[in-house]
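> After the sequence you'll find the predicted model.
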Amino acid sequence: MQEYLVISQKVKHALENNIPVVALESTIISHGMPYPQNYETALACEKIVEDNGCVAATIAIIQGKIHVGLTHEEIEYIAKTGLKVVKTSRRDLAYVCACGYDGATTVSATMYLAHLAGIEVFATGGIGGVHREAHITMDISADLEELGKTPVCVVCAGVKAILDLERTLEYLETKGVLVLGFDTEYLPDFYTRRSPYKLLHSVKNANEVAKIIKVQSKLGLECGMIVANPIPEEYSLDEKVMNEAIDEALIKLNASGVKGKDITPFLLKEVVERTGGKSLEANIKLVFNNCLVAANIAKELSK
Ligand code: PSU
Ligand code: MN
C-alpha cells in the first residue's frame with residue numbers, strides 16, 4: 001500500500017496532531033471545469049479551507065502514485081492536462097496505479113482514499129447519482145455505493161438536475177446513507193437552492209453535523225453521509241433557465257452516442273455553453289461555500 005500512497009508532509013503532520021483536514025477531489029478539476037477556471041478554483045478551495053483553520057488535502061493520482069495533498073504545480077498539471085487525465089472512480093484505481101497513469105479521482109475514489117489516509121470530511125460540488133433513464137441504462141454513479149460503505153462525510157450542493165433526484169434519494173436510503181439538509185428542508189439541486197424533494201433530516205450548523213458523525217461512528221455504521229448545502233442565494237440561477245439548458249443538453253446527449261463515464265463531463269460542458277458560462281460561475285461559488293462548511297465541520301470534529 002505505502003508503495004502507492006503518498007501523503008504530503010503537511011497533511012501527515014495535521015493528521016498526527018489533530019489539526020482538522022478537509023479532502024478535495026480532482027475530477028472536478030480535470031473533467032468538471034475548463035482551464036484556467038479549474039486551476040484557480042482548486043487553489044481558491046484550498047485557501048478557503050486553510051483560512052478557516054484546516055489543512056486541505058486535494059487528492060489525485062500522478063504517474064501511478066496516489067497523492068493525498070498536492071503541490072500547486074501538481075494541481076496545475078492536472079488542471080492543464082484536463083480530459084487526458086483518467087477519470088478515476090473506485091473501479092479504475094488499481095488499473096491507473098498499476099499502469100503508472102495520471103488519474104483524477106471522482107467522489108467515490110476520493111472518499112475511499114480519504115478514508116485510507118484517515119480524513120473524515122470531504123468537500124465537493126455535486127455528487128454523482130441515478131441518471132435519468134437509469135431504469136433502461138442502469139447508469140448509477142459509483143459515488144452512491146461508496147457513500148454506502150465508506151465513513152466519510154461529503155459536503156455538496158446536492159445532486160445536479162441532470163440526474164434523477166428522486167431516485168437518487170431512494171437509492172441512498174437503500175444504501176443506508178444519511179442525507180442532512182444544511183439549514184434547509186429540501187434537497188438542493190446544485191444551481192438552485194431547492195428541489196421539490198423534501199429531506200427527512202436537517203441540521204442548523206457544523207456542530208450538529210460533527211455530533212452526528214461521531215454517533216454514526218460509535219454505532220459502527222461504517223458508511224458515508226451527505227451534508228446537502230444549498231448554493232448561496234445571491235449566486236443561485238433561475239430554475240426555468242437551468243431546466244431548459246439541461247433538457248437541451250440531454251437531447252444532445254441522446255443524439256451523440258456518448259456513454260458511461262463520459263456522460264457527466266459531457267452534460268456539464270453542454271450546460272455551461274447553454275447558459276453562457278453562468279452555470280460555471282454558480283458551480284464555482286457553490287464549491288467555495290461547501291469548502292467553508294466542510295472546514296467548519298472538520299474543526300468541530302477535532303474538538
Ligand atoms: N458533479 C459535478 N461536477 C463534477 C462531478 C459531479 O457537479 O465534476 C464529478 C464528480 O467527480 C463525481 C463524478 O464523482 O463527476 C460522477 O461521475 P459519474 O456520473 O460518471 O459517476
Ligand atoms: Mn455512470
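In hand now; what should we look at? Ligands and ions are numbered 1, 2, ... in the order given.
> going forward, measure contacts between C-alpha atoms and count neighbours the same way
Will do.
> And the helices in the chain?
Applying DSSP state H to the chain gives helices spanning 9-16, 27-30, 37-51, 72-81, 93-99, 107-117, 134-137, 142-147, 165-174, 206-218, 239-256, 263-274, 278-302.
> Out of those helices, the one nearest residue 128 is which?
Between residue 128 and these, the shortest gap by CA to CA is with helix 142-147, which sits at 5.8 Å.
> who does that closest one touch, helix- and strand-wise?
helix 107-117, helix 165-174 (3 or more CA pairs under 8 Å, 6 or more residues apart in numbering; DSSP states H and E).
> wait, which of the ones you listed is closest to ligand 1?
helix 107-117 (3.6 Å; CA to the nearest ligand atom).
> ok, the closest one near ligand 1 or not?
Yes. Using CA under 6 Å from any ligand atom, helix 107-117 comes into contact with ligand 1 via 107-108.
> Around ligand 1, which positions in the stretch 101-250 of the chain sit nearby?
Selection of the stretch 101-250 of the chain residues close to ligand 1 by CA under 6 Å from any ligand atom yields 106-108, 125-128, 141-143.
> Among those, find me the one that's closest to ligand 2.
Closest approach between these and ligand 2, by CA to the ion: residue 141, at 4.7 Å.
> I figured the closest one hits residue 130, correct?
Yes. Counting by CA atoms under 8 Å, residue 130 is a contact partner of residue 141 at 6.3 Å.
> Which residue of these two possesses the greater neighbour count?
Between residue 141 and residue 130, residue 130 has the larger neighbour count (other CA atoms under 10 Å), namely 26 against 21.
> Distance-wise, check that one relative to residue 186.
According to CA to CA, to the nearest Å, residue 130 and residue 186 sit 18 Å apart.
> Leaving out sequence neighbours, find the closest residue to the residue nearest the centre of the chain.
Closest residue to the average C-alpha location of the chain: residue 124 at 3.2 Å, with CA atoms, centre = their mean. Excluding the flanking residues, the one nearest residue 124 by CA to CA, 6 or more residues apart in numbering is residue 156, at 5.4 Å.
> Equivalent analysis for residue 69, please.
residue 57 (4.1 Å).
> Likewise for residue 250?
Leaving aside its chain neighbours, residue 250 sits nearest to residue 267 (7.1 Å; criterion: CA to CA, 6+ apart).
> Could you do residue 279 as well?
Sequence neighbours aside, residue 272 is the residue nearest to residue 279 in space, at 5.4 Å (criterion: CA to CA, 6+ apart).
> burial of that neighbour, as a residue count?
Per other CA under 10 Å, the neighbour tally for residue 272 reads 20.
> dump the residue contacts of it.
Contacts here follow CA atoms under 8 Å, 6 or more residues apart in numbering; on that basis residue 272 touches 278-280.
> circling back to that earlier point, just name the most buried of the helices of the chain.
Most buried of these by mean neighbour count (mean count of other CA atoms under 10 Å) is helix 27-30; its value is a mean of 28.
> and that helix, what other elements does it pack with?
Using 3+ CA pairs under 8 Å, 6+ apart: helix 27-30 touches helix 37-51, helix 72-81, strand 86-88, strand 103-105.
> Check the residues of the stretch 101-250 of the chain next to ligand 1 and tell me the two furthest apart.
Greatest spatial distance among these (CA to CA): 125 and 142, at 16.1 Å.
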